[in-house]
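S.K.: got a structure for you, letters missing:
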C-alpha cells in the first residue's frame, strides 16, 4: 500500500483508526461508501497528513465531504487560517438548508451549497494529491458555522 496522504473519519470506529487515503481510488472508495451509507453517516471529516499541525498537535485544516445519494448531490467545506471557512457554491435550485451527518451528529450547511457528486469526487482527489490544499476545481463561498 502507498504511504497514506490523508485520513478520513465518518464512522465511530474511525475515531481510533481512521480510513487511510493515498490514491484517487481511495477517494472513489470513500465517496462510494458515503453514497451507500445511512443518512446519519453521509459526511466525512478529512485531514491531510502532508500539512503541518498546530502546536497543539491538531491539524491546521479540515475538509468536510458529504454525499446525499437520494438527491444525487454532495457538499464540501474547507477550513484553514489562510482561507477561513468555505463551503461549495451550488446552484440556486439546491436545498436552502442542507443537513449532513457525521457519526450520527447533524451539521447544517448554508443555503445553495450542494454540487454534483462528480464535482465532490474531483475536489477530494485534488485535496489528496495536492497535499491538503484547498481544491480549486470547485467554486467556494464564505460560510459561517455555528
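M.R.: Thanks, I have it. If you're wondering where the values come from, they're calculated on a predicted model, not measured in any experiment.

S.K.: drop to CA atoms for contacts and neighbour counts, all remaining ones
M.R.: Noted.

S.K.: Which stretches in the chain count as helices?
M.R.: Under the criterion DSSP state H, helices of the chain are mapped to 24-36, 117-129.

S.K.: In a markdown table: the ones you listed, plus mean neighbour count and distance to residue 108.
M.R.: A markdown table is the format used below for the helices of the chain (neighbours: other CA atoms under 10 Å; distance: least, CA to CA, whole Å):
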| stretch | mean neighbour count | distance to residue 108 |
| --- | --- | --- |
| helix 24-36 | 18 | 17 |
| helix 117-129 | 21 | 18 |
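
S.K.: of the ones you listed, which approaches residue 6 most closely?
M.R.: Closest of the helices of the chain to residue 6 is helix 117-129, at 6.4 Å (criterion: CA to CA).

S.K.: And the closest one, what does it pack against?
M.R.: Helix 117-129 sits against helix 24-36, strand 61-68, strand 73-80, with contacts defined as 3 or more CA pairs under 8 Å, 6 or more residues apart in numbering; DSSP states H and E.

S.K.: one step back: out of the helices of the chain, which comes closest to residue 80?
M.R.: helix 117-129 (13.2 Å).

S.K.: and the angle from that closest one to strand 73-80?
M.R.: Going by axes from the mean of the first three to the mean of the last three CA atoms, to 10 degrees, helix 117-129 is angled at 30 degrees with respect to strand 73-80.

S.K.: Report the rounded mean pLDDT for helix 117-129.
M.R.: Confidence over helix 117-129 (mean pLDDT, whole number) is 98.

S.K.: oh, and call the first residue 32 from now on, that's how I've got it
M.R.: Done: numbering now begins at 32, and the last item shifts to helix 148-160.

S.K.: No further questions, thank you.
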